[in-house]
Structure formats: structure tokens, C-alpha cells
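[1] I would like to see how this sequence folds:
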Amino acid sequence: MAQVQPANIEVYYEKSNFFRVIHADGIFGGPTPSGNMHVAFFSQRSPLPKKSSLNIGSDGSSTETVTDTKTGVFREIEVDVMMDLNTSLAFHIWFSQHLSVLRKQLGMSDQDWSNHIGILNAAAAT
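    A predicted model of the protein is given here:
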């Protein structure tokens, strides 16, 4: 007769040497040619100046003038996550469940939730 496996297995978590907390303003990605899901999380901000000029007055006061900068929005890719189909589905289920909890914590009505999703869908379509 086959031995019965334990019904309870302890799982331990350990942070890798590359672990860090990041802020995400958005995501970019999609399916890869090899059948994985690629999700890149980014933060965004105004571009930093490439060059500035610092004018120091005779009284010791200073005035800085930006002389070379980019325009637009700078998106810094913080982390890129590659997942197979099973992990992508598990993430989808987990994330949906936690969004429901957050929605309840925030006290969002069905109408507010639908409106919020509609706004985000419209923004994503542009």
C-alpha cells in the first residue's frame, strides 16, 4: 500500500539579494513569442536635466539655470517579470481576489467601481 503524504507542508520565504520595494505608476508588456507573459513595472516622472549652469554671485548666493534637458515623460523600468501560463493565471486569480478586498476596504460601491474601471479602460485604449 502506498504511503500517505502529509496534508500540511511548511513553506519558508526568503528575500533574495536583489529584493527591493519599488513604486509602480504603470505596467507594460504582453505575451511573448515563446508563450510566456512579460510584465514590466515602471515609475514615471519628469526628465532630469542633462546639464545646468550655476551662477555664483559676489555675495555667495547662487542661481541655477537648466541649459539642456529632455521634454516629455521619463519612464524608468523598475522590474520585468516573466511568467508561464500557469503562473500568469495564478497571478490573475490572486490579484483579482486582493482587488476585491481592497475595494471593500475603500468602501467603493458597484457604480464607483464600474466608473473607475471604465476610466482606466478608456485611458489604456488611448
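[2] My reading is that Arg20 lies in a helix. Confirm?
    No: with DSSP: H, G, I helix; E, B strand; the rest coil as the criterion, Arg20 is assigned coil and is not in a helix.
[3] how deep is it tucked in, by neighbour count?
    8 (other Cβ atoms under 10 Å). For the C-beta atoms, the positions are set from N, CA and C on the backbone; glycine is no exception.
[4] Was I right to think Ile42 contacts Gly29?
    For residue 42 the amino acid is Phe, not Ile. No: applying Cβ atoms under 8 Å, one finds Phe42 not in contact with Gly29, separated by 10.2 Å.
[5] And the two? Which one has more around it.
    Set Phe42 next to Gly29 and count neighbours by other Cβ under 10 Å: Phe42 wins out with 18 against 15.
[6] where's that one relative to Ile27, distance?
    Computed as Cβ to Cβ, to the nearest Å, the Phe42 to Ile27 distance reads 7 Å.
[7] For the lengthiest helix in the chain, list every residue counted as buried.
    Taking DSSP state H as the criterion, the chain has its longest helix at helix 85-106. Within helix 85-106, the residues scored as buried using 16 or more other Cβ atoms under 10 Å are Ser88.
[8] Give me the helices and strands touching it, please.
    Helices and strands touching helix 85-106, by 3 or more Cβ pairs under 8 Å, 6 or more residues apart in numbering; DSSP states H and E, are strand 37-45.
[9] who does the strand it packs on pair up with?
    strand 26-31 (antiparallel), strand 74-83 (antiparallel) (DSSP bridges).
[10] Can you check what angle separates the longest helix of the chain from strand 26-31?
    Between helix 85-106 and strand 26-31, the angle comes out at 150 degrees (axes from the mean of the first three to the mean of the last three Cα atoms, to 10 degrees).
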